[in-house]
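Undergrad: no sequence for this one, just the structure:
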(Lines give C-alpha, C1' and ligand atoms only; values in the text may rest on other atoms or scores of the structure.)
Protein backbone atom coordinates (compact mmCIF):
# COMPACT_ATOMS: atom_id res chain seq x y z
CA UNK A 1 0.00 0.00 0.00
CA UNK A 2 1.41 3.40 -1.00
CA UNK A 3 1.64 6.40 1.33
CA UNK A 4 -1.23 8.01 -0.60
CA UNK A 5 -3.35 4.88 -0.21
CA UNK A 6 -2.60 4.78 3.52
CA UNK A 7 -3.67 8.41 3.91
CA UNK A 8 -6.94 7.75 2.13
CA UNK A 9 -7.59 4.67 4.25
CA UNK A 10 -6.93 6.64 7.44
CA UNK A 11 -9.24 9.42 6.29
CA UNK A 12 -11.98 6.91 5.47
CA UNK A 13 -11.61 5.25 8.86
CA UNK A 14 -11.92 8.61 10.62
CA UNK A 15 -15.37 9.16 9.12
CA UNK A 16 -16.88 7.22 11.99
CA UNK A 17 -15.23 9.52 14.51
CA UNK A 18 -16.14 12.92 13.08
CA UNK A 19 -16.99 15.10 16.05
CA UNK A 20 -20.76 15.47 16.44
CA UNK A 21 -22.92 17.69 18.63
CA UNK A 22 -25.68 15.75 20.33
CA UNK A 23 -29.38 16.46 19.96
CA UNK A 24 -32.31 16.85 22.33
CA UNK A 25 -34.87 14.15 21.57
CA UNK A 26 -38.34 14.84 22.94
CA UNK A 27 -40.99 12.13 23.14
CA UNK A 28 -44.47 13.35 24.05
CA UNK A 29 -47.82 11.59 24.09
CA UNK A 30 -51.02 11.30 26.06
CA UNK A 31 -50.63 8.98 29.04
CA UNK A 32 -50.92 5.37 27.87
CA UNK A 33 -49.85 5.93 24.26
CA UNK A 34 -46.49 4.28 24.85
CA UNK A 35 -43.77 6.92 25.08
CA UNK A 36 -42.31 5.51 28.31
CA UNK A 37 -42.05 2.01 26.82
CA UNK A 38 -40.36 3.41 23.71
CA UNK A 39 -38.00 5.51 25.84
CA UNK A 40 -36.89 2.50 27.90
CA UNK A 41 -36.17 0.51 24.74
CA UNK A 42 -34.07 3.34 23.29
CA UNK A 43 -32.03 3.75 26.48
CA UNK A 44 -31.43 0.00 26.69
CA UNK A 45 -30.33 -0.36 23.06
CA UNK A 46 -28.33 2.81 22.37
CA UNK A 47 -25.47 3.85 24.66
CA UNK A 48 -25.24 7.28 22.99
CA UNK A 49 -28.56 8.37 24.55
CA UNK A 50 -28.86 9.75 28.07
CA UNK A 51 -32.07 10.46 29.94
CA UNK A 52 -32.58 14.02 31.07
CA UNK A 53 -32.76 14.24 34.87
CA UNK A 54 -35.11 16.95 36.11
CA UNK A 55 -34.96 18.99 39.29
CA UNK A 56 -38.07 18.93 41.46
CA UNK A 57 -39.27 20.46 44.70
CA UNK A 58 -41.36 17.45 45.68
CA UNK A 59 -40.16 14.92 48.25
CA UNK A 60 -38.55 11.67 47.04
CA UNK A 61 -40.85 8.68 46.73
CA UNK A 62 -39.88 5.25 48.07
CA UNK A 63 -37.12 3.78 45.91
CA UNK A 64 -36.21 7.03 44.15
CA UNK A 65 -32.53 7.98 44.11
CA UNK A 66 -31.38 11.60 44.15
CA UNK A 67 -29.48 12.36 40.96
CA UNK A 68 -30.79 9.29 39.13
CA UNK A 69 -34.58 9.67 39.13
CA UNK A 70 -34.70 13.39 39.99
CA UNK A 71 -32.52 16.04 41.55
CA UNK A 72 -34.41 17.00 44.70
CA UNK A 73 -34.13 20.65 45.73
CA UNK A 74 -36.08 23.13 47.85
CA UNK A 75 -38.31 25.82 46.36
CA UNK A 76 -35.98 28.81 47.02
CA UNK A 77 -33.24 26.98 45.09
CA UNK A 78 -35.67 26.23 42.28
CA UNK A 79 -36.81 29.86 42.05
CA UNK A 80 -33.19 31.01 42.01
CA UNK A 81 -32.49 28.67 39.07
CA UNK A 82 -35.47 30.07 37.18
CA UNK A 83 -34.34 33.64 37.81
CA UNK A 84 -30.78 32.89 36.71
CA UNK A 85 -31.97 31.24 33.50
CA UNK A 86 -30.47 27.90 34.52
CA UNK A 87 -33.49 25.85 33.40
CA UNK A 88 -34.30 24.96 29.79
CA UNK A 89 -37.95 24.43 30.72
CA UNK A 90 -39.99 24.32 33.91
CA UNK A 91 -43.56 23.81 35.08
CA UNK A 92 -45.69 23.39 38.18
CA UNK A 93 -47.50 20.04 38.50
CA UNK A 94 -49.82 19.36 41.45
CA UNK A 95 -48.20 22.10 43.58
CA UNK A 96 -44.67 20.83 42.90
CA UNK A 97 -42.10 22.43 40.61
CA UNK A 98 -40.19 20.56 37.91
CA UNK A 99 -37.50 21.74 35.52
CA UNK A 100 -34.62 20.72 33.24
CA UNK A 101 -31.18 22.02 34.29
CA UNK A 102 -29.34 23.62 31.36
CA UNK A 103 -25.75 22.87 32.42
CA UNK A 104 -25.83 19.04 32.44
CA UNK A 105 -27.73 18.91 29.15
CA UNK A 106 -25.29 21.27 27.43
CA UNK A 107 -22.33 19.22 28.69
CA UNK A 108 -23.79 16.01 27.24
CA UNK A 109 -24.57 17.65 23.89
CA UNK A 110 -21.01 18.96 23.56
CA UNK A 111 -19.68 15.43 24.12
CA UNK A 112 -21.84 14.12 21.27
CA UNK A 113 -24.42 12.41 23.47
CA UNK A 114 -28.12 12.70 22.71
CA UNK A 115 -30.44 13.65 25.56
CA UNK A 116 -33.90 12.09 25.83
CA UNK A 117 -36.81 14.08 27.28
CA UNK A 118 -40.11 12.60 28.46
CA UNK A 119 -42.09 15.85 28.70
CA UNK A 120 -45.46 17.25 27.63
CA UNK A 121 -46.31 19.81 24.95
CA UNK A 122 -45.83 22.74 27.32
CA UNK A 123 -42.27 21.72 28.14
CA UNK A 124 -41.61 21.10 24.45
CA UNK A 125 -42.74 24.63 23.60
CA UNK A 126 -40.22 26.04 26.10
CA UNK A 127 -37.43 23.86 24.74
CA UNK A 128 -38.23 25.06 21.23
CA UNK A 129 -37.88 28.66 22.39
CA UNK A 130 -34.63 28.04 24.28
CA UNK A 131 -32.81 25.46 22.15
CA UNK A 132 -34.48 25.06 18.76
CA UNK A 133 -31.34 24.10 16.83
CA UNK A 134 -30.74 21.11 19.12
CA UNK A 135 -34.35 19.94 19.34
CA UNK A 136 -35.92 16.93 17.59
CA UNK A 137 -39.52 16.39 18.71
CA UNK A 138 -41.70 13.31 18.25
CA UNK A 139 -45.36 12.98 19.22
CA UNK A 140 -46.64 9.45 19.86
CA UNK A 141 -50.31 8.83 19.07
CA UNK A 142 -52.41 5.80 20.01
CA UNK A 143 -54.05 3.85 17.15
CA UNK A 144 -57.50 4.69 18.58
CA UNK A 145 -59.17 6.24 21.61
CA UNK A 146 -60.56 2.82 22.59
CA UNK A 147 -57.04 1.32 22.52
CA UNK A 148 -55.69 4.19 24.59
CA UNK A 149 -58.28 3.53 27.29
CA UNK A 150 -57.61 -0.22 27.14
CA UNK A 151 -53.89 0.37 27.71
CA UNK A 152 -54.54 2.68 30.64
CA UNK A 153 -56.85 0.16 32.29
CA UNK A 154 -54.59 -2.81 31.57
CA UNK A 155 -51.78 -1.26 33.61
CA UNK A 156 -53.90 -1.77 36.72
CA UNK A 157 -52.26 1.18 38.42
CA UNK A 158 -55.03 3.78 38.35
CA UNK A 159 -58.58 4.05 39.66
CA UNK A 160 -61.52 4.58 37.31
CA UNK A 161 -61.55 8.25 38.25
CA UNK A 162 -57.87 8.65 37.37
CA UNK A 163 -58.34 6.83 34.05
CA UNK A 164 -61.29 9.08 33.20
CA UNK A 165 -59.17 12.11 34.04
CA UNK A 166 -56.32 10.94 31.82
CA UNK A 167 -58.73 10.25 28.97
CA UNK A 168 -60.29 13.71 29.33
CA UNK A 169 -56.81 15.29 29.20
CA UNK A 170 -55.74 13.19 26.18
CA UNK A 171 -57.81 15.23 23.71
CA UNK A 172 -56.06 18.48 24.66
CA UNK A 173 -52.64 16.82 24.51
CA UNK A 174 -53.27 15.30 21.08
CA UNK A 175 -54.43 18.64 19.70
CA UNK A 176 -50.80 19.82 19.85
CA UNK A 177 -49.51 17.23 17.36
CA UNK A 178 -48.86 19.85 14.62
CA UNK A 179 -46.16 21.44 16.81
CA UNK A 180 -43.91 18.37 16.55
CA UNK A 181 -41.33 17.44 13.91
CA UNK A 182 -42.42 13.81 13.62
CA UNK A 183 -45.57 11.82 14.38
CA UNK A 184 -45.63 8.10 15.22
CA UNK A 185 -48.83 6.07 15.59
CA UNK A 186 -47.89 3.45 18.16
CA UNK A 187 -49.76 0.39 16.92
CA UNK A 188 -46.78 -1.90 17.52
CA UNK A 189 -44.03 -1.05 20.01
CA UNK A 190 -41.21 -2.73 18.07
CA UNK A 191 -42.17 -0.87 14.89
CA UNK A 192 -42.41 2.42 16.80
CA UNK A 193 -38.96 1.93 18.34
CA UNK A 194 -37.58 1.19 14.86
CA UNK A 195 -39.17 4.42 13.56
CA UNK A 196 -37.56 6.48 16.33
CA UNK A 197 -34.19 4.87 15.58
CA UNK A 198 -34.58 5.79 11.90
CA UNK A 199 -35.35 9.40 12.87
CA UNK A 200 -32.29 9.47 15.13
CA UNK A 201 -30.04 8.05 12.42
CA UNK A 202 -31.11 10.76 9.96
CA UNK A 203 -30.94 13.61 12.48
CA UNK A 204 -27.46 12.58 13.64
CA UNK A 205 -26.20 12.88 10.05
CA UNK A 206 -27.42 16.44 9.55
CA UNK A 207 -24.57 18.62 8.38
CA UNK A 208 -24.96 21.22 11.13
CA UNK A 209 -24.65 18.58 13.88
CA UNK A 210 -21.40 17.14 12.50
CA UNK A 211 -19.26 19.93 13.90
CA UNK A 212 -16.02 18.18 12.92
CA UNK A 213 -17.04 17.79 9.28
CA UNK A 214 -15.28 20.94 8.00
CA UNK A 215 -11.92 19.80 9.35
CA UNK A 216 -12.44 16.34 7.89
CA UNK A 217 -13.32 17.68 4.42
CA UNK A 218 -10.40 20.13 4.52
CA UNK A 219 -8.16 17.19 5.28
CA UNK A 220 -9.52 15.31 2.28
CA UNK A 221 -8.94 18.32 0.05
CA UNK A 222 -5.39 18.62 1.30
CA UNK A 223 -4.68 15.14 -0.02
CA UNK A 224 -5.66 16.02 -3.59
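TA: Nice, thanks for sending it over. Here the structure is a predicted model, which means the values were calculated and not measured.

Undergrad: pLDDT weak spots in this protein?
TA: Low-confidence segments of the chain (pLDDT under 70): 1-16, 224.

Undergrad: quick one: the strands in this protein?
TA: Ranges of strands in the chain, per DSSP state E, are 24-28, 49-51, 55-56, 71-72, 87-93, 96-101, 114-118, 135-141, 182-185.

Undergrad: right, and residue 42 touches residue 195 too?
TA: No. Using CB atoms under 8 Å, residue 42 and residue 195 do not qualify as a contacting pair, with a distance of 11.2 Å. (Each C-beta comes from the backbone N, C-alpha and C, glycine too.)

Undergrad: thinking residue 128 is in contact with residue 135, fair?
TA: Yes. Contact criterion CB under 8 Å: residue 128 and residue 135 qualify, at 5.8 Å.

Undergrad: Need phi/psi at residue 113.
TA: When read as degrees, to the nearest 10, the backbone of residue 113 gives phi -90, psi 150.

Undergrad: change the start of the numbering to 7 and stick with it
TA: In the new count, where the first residue is 7, that last one comes out as residue 119.

Undergrad: which residues sit in contact with it?
TA: Contact analysis of residue 119 by CB atoms under 8 Å, 6 or more residues apart in numbering lists 28, 54-56.

Undergrad: if we can go back for a sec, possible to save the strands of the chain as TSV with distance to residue 229 and mean neighbour count?
TA: TSV is the format used below for the strands of the chain (distance: least, CB to CB, whole Å; neighbours: other CB atoms under 10 Å):
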stretch	distance to residue 229	mean neighbour count
strand 30-34	36	24
strand 55-57	35	17
strand 61-62	49	20
strand 77-78	48	16
strand 93-99	41	19
strand 102-107	43	20
strand 120-124	32	21
strand 141-147	34	22
strand 188-191	38	16
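
Undergrad: so who does residue 81 touch?
TA: 63, 103.

Undergrad: neighbours around residue 127, how many?
TA: 19 (other CB atoms under 10 Å).

Undergrad: now swap in the one 3 residues further on and tell me
TA: A total of 23 residues lie near residue 130 under the criterion other CB under 10 Å.

Undergrad: wouldn't it be in contact with residue 30 here?
TA: No. Counting by CB under 8 Å, residue 130 sits too far from residue 30 to count as a contact (9.9 Å).

Undergrad: residues shared between the contacts of the two?
TA: 123, 141.

Undergrad: about what we covered before: distance to residue 40 added to the contacts of residue 119, as a markdown table?
TA: Shown next, in a markdown table, are the contacts of residue 119 (distance: CB to CB, whole Å):
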| residue | distance to residue 40 |
| --- | --- |
| 28 | 24 |
| 54 | 22 |
| 55 | 17 |
| 56 | 21 |
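
Undergrad: Which stretches in the protein count as helices?
TA: 9-19, 41-51, 81-90, 108-116, 127-137, 151-160, 166-180, 195-210, 219-228 (DSSP state H).

Undergrad: Looking at those, which is nearest to residue 61?
TA: helix 81-90 (6.4 Å; CB to CB).
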